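1. sequence and predicted model, in that order:
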Amino acid sequence: MARLHDGALMERAAAGLAAAVLDLLGGGYGRRVLLLVGSGDNGGDGLLAGSMLARRGVRVEALLLSDHAHAAGLAALRAAGGLTVREVRDLHPRPDVVIDAIVGIGGRPGLRPAAVEALESFAGVPVVAVDVPSGVDVDTGEVDGPHVTADLTVTFGTHKVAHLVDPAASACGALHAVDIGLDLPEPAVEALQPADVRRLLPQPALHAHKYTRGVVGVRAGSSTYPGAALLAVAGANTGLAGMVRYVGSEAVASRVREAHPEVVGEGRVQAWVVGPGGGNDAAAMLDAARADGVPLVVDADALAHVDGTLPGCVLTPHAGELAGILGLAREEVEARPLAHVRGAADRFDCVVLLKGHRTLVAAPDGLVRATSTGTPWLATAGAGDVLAGLVGSLLAAGLPAFDAASLGAWVHGAAGTRASRGGPLTATTLAGSIPLLMRDLLARQG
Ligand SMILES: NC(=O)C1=CN([C@@H]2O[C@H](COP(=O)(O)OP(=O)(O)OC[C@H]3O[C@@H](n4cnc5c(N)ncnc54)[C@H](O)[C@@H]3O)[C@@H](O)[C@H]2O)[C@@H](O)CC1
Ligand SMILES: [K+]
């Protein structure tokens, strides 16, 4: 901002927005676009993009929702032949696309009645949000009152928290970022990209042997839930660590050995995975694992027994489990996931991985990584057990807890998408696709 004239940034933003809208429309001439325009620079972006679209033959109408509108944007739109109106009833029928330029990063959460009325009048028409869907809380991802639900969000300079954190992230639709040449500080919320994952992924050294690659131990499963043991072991046994140990009842252990002949019994480990399917044994599993003094992944039934602090460890709750730990209602965690995952990481002095549509991983210092991979098909029994095992293997391989958890969440989501190919998947096929996903990633190295 210091180096660039305001107008230059807005020009770049508007050009990127107009290009994305043309792409969505499949052309310009004869198409109809409605702009919903608020009082600030977000409205200015919309008006300026509207002028660019009008020059490409698009019939552009702007509904001005405030007495003030960005003056230069307004002049540009009118000069290009765009129309402006102040009432919904004065608009032509059904546009091909609605552009939400009501508010951006300067907006307060919620929408005014005139904006809500306009959005309701054109329900069913695809919506392109300018920078963020208006009405969401940009810096927390929270939602308080009415907001736009977009099919496409075109953002500028960098992703904002609302693009990465639910519930706002779910209102963004597809995301398209336009580089406008900003110099940006380190973010407090980040999302790993494939190149980051390749850099962080543990790979065997030239003279590696199984012990130098790390040994991960799994304490999971019970007579009621033997499958959880098999799936947690499947997640741990994807070849990222040098060896997997399983500790549990002989009945479950023999089934684990049958399914995974590489897996061995009790001994020294560099990390433990505790809790999936543990049932009534979960407290004892957690105590036994804690006694070793190595990093832990605490999942499922073991989460209810966490107390004190667990430096270097990872908790992997879903919203209901985190609510249980914090003594809150599930809905409260779902409404403010970023605040609560950070609160839990601070309270237990460990990394907390909150599973969901956008899995969040928080470190005790407040840094958060949001997971951008995954598919709703991953909401399937046992997928969480696989994730716990996977994170455990990354811990055993020597990654710090924050990297192990965020890398595990990314790989888990990407492997799920790979295995799903747009259709259903099971936890077993998910685990099987993890090494294939990593092979694809590493093949693109360099
Ligand atoms: N800062 C930057 O570097 C750039 C900003 N740009 C655009 O500028 C936007 C930010 O512009 P502004 O700071 O002017 O702020 P906004 O345009 O986001 O909104 C602020 C205006 O909306 C009003 N308002 C606040 N909450 C409202 C609500 N809930 N309902 C209705 N009106 C409300 C305020 O009174 C104020 O006039 C960005 O989101 C982006 O679209 C781009 O042009 C690119 C460069
Ligand atoms: K907007």
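-> Sure thing, it's come through. Ligands and ions are numbered 1, 2, ... in the order given.
2. give me the pLDDT value at the nearest residue to Gly38 once chain neighbours are set aside.
-> Spatial nearest neighbour of Gly38, excluding adjacent residues (C-beta to C-beta, 6 or more residues apart in numbering): Ile102 at 4.1 Å. Where C-beta positions appear, they are placed from N, C-alpha and C, glycine not excepted. Reported pLDDT at Ile102 in the predicted model: 98.
3. what sits against Ile102?
-> 36-38, 42-43, 65, 111, 115, 134-135, 148 (C-beta atoms under 8 Å, 6 or more residues apart in numbering).
4. and the strands in the stretch 51-200 of the chain?
-> 59-64, 83-85, 97-101, 127-130, 152-156, 174-178, 189-190 (DSSP state E, counting those that start in this stretch).
5. could those be laid out in CSV, adding mean neighbour count?
-> Below are these laid out as CSV (neighbours: other C-beta atoms under 10 Å):
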stretch, mean neighbour count
strand 59-64, 23
strand 83-85, 16
strand 97-101, 28
strand 127-130, 29
strand 152-156, 24
strand 174-178, 15
strand 189-190, 18
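6. closest one to ligand 1 among the ones you listed?
-> Closest to ligand 1 of the strands of the stretch 51-200 of the chain, according to C-beta to the nearest ligand atom: strand 152-156, at 4.6 Å.
7. so what's the most far-flung residue of the chain relative to its centre up against?
-> Within the chain, the residue lying farthest from the chain centre (C-alpha atoms, centre = their mean) is Ala79, at 41.4 Å. Shown in contact with Ala79 (C-beta under 8 Å, 6+ apart): Ser51.
8. and Leu175, by the same measure?
-> 152-153, 155, 159, 163.
9. spell out the secondary structure type for the residue lying closest to Ile325 once chain neighbours are set aside.
-> In space, Ile325 comes closest to Leu303 once its chain neighbours are excluded; the distance is 6.0 Å by C-beta to C-beta, 6+ apart. State at Leu303, reduced to three classes by DSSP: H, G, I helix; E, B strand; the rest coil: helix.
10. I'd say Val386 and His412 touch.
-> Yes. Contact criterion C-beta atoms under 8 Å: Val386 and His412 qualify, at 6.9 Å.
11. pull up the overlap in contacts between these two.
-> 430, 434.
12. where does the stretch 1-150 of the chain dip in pLDDT?
-> 1-5 (pLDDT under 70).
13. residues of it that sit close to ligand 1?
-> 1, 9-10, 13, 38-43, 45, 103-108, 110-112, 130-131 (C-beta under 6 Å from any ligand atom).
14. can you say which of those are buried?
-> Buried by 16 or more other C-beta atoms under 10 Å: 9-10, 13, 38-43, 45, 103-105, 107, 110-112, 130-131, out of those.
15. re the thing from before, near ligand 2 too, which of the residues of the stretch 1-150 of the chain next to ligand 1?
-> Contacts with ligand 2 within those, counted by C-beta under 5 Å from the ion: Val130.
16. so which of the residues of the stretch 1-150 of the chain next to ligand 1 belong to helices?
-> 9-10, 13, 41-43, 45 (DSSP state H).
17. need the max-distance pair from the residues you listed.
-> Leu9 and Gly43 (15.0 Å; C-beta to C-beta).
18. nearest residue to Gly135 other than its sequence neighbours?
-> In space, and not counting its chain neighbours, Gly135 is closest to His147: 2.9 Å by C-beta to C-beta, 6+ apart.
19. same question for Val306.
-> Nearest to Val306 is Val298, by C-beta to C-beta, 6+ apart, at 5.9 Å.
20. and the helix or strand hosting the one you found, which strands flank it?
-> Secondary structure from DSSP states H and E places Val298 in strand 296-299. Here strand 296-299 has these sheet partners by DSSP bridges: strand 271-274 (parallel), strand 314-316 (parallel).
21. which outside residues touch the last one?
-> Read that as strand 314-316. Contacts of strand 314-316 (C-beta under 8 Å, 6+ apart): 295-299, 303, 306, 325, 344, 348, 350-353, 355, 384, 387-388, 391, 395, 401, 404-405.
22. shouldn't Val247 be in contact with Glu266?
-> Yes. Between Val247 and Glu266 there is a contact under C-beta under 8 Å: 5.1 Å.
23. flag every residue of the stretch 101-250 of the chain that's near ligand 2.
-> Residues of the stretch 101-250 of the chain lying near ligand 2 (C-beta under 5 Å from the ion): 129-130, 134.
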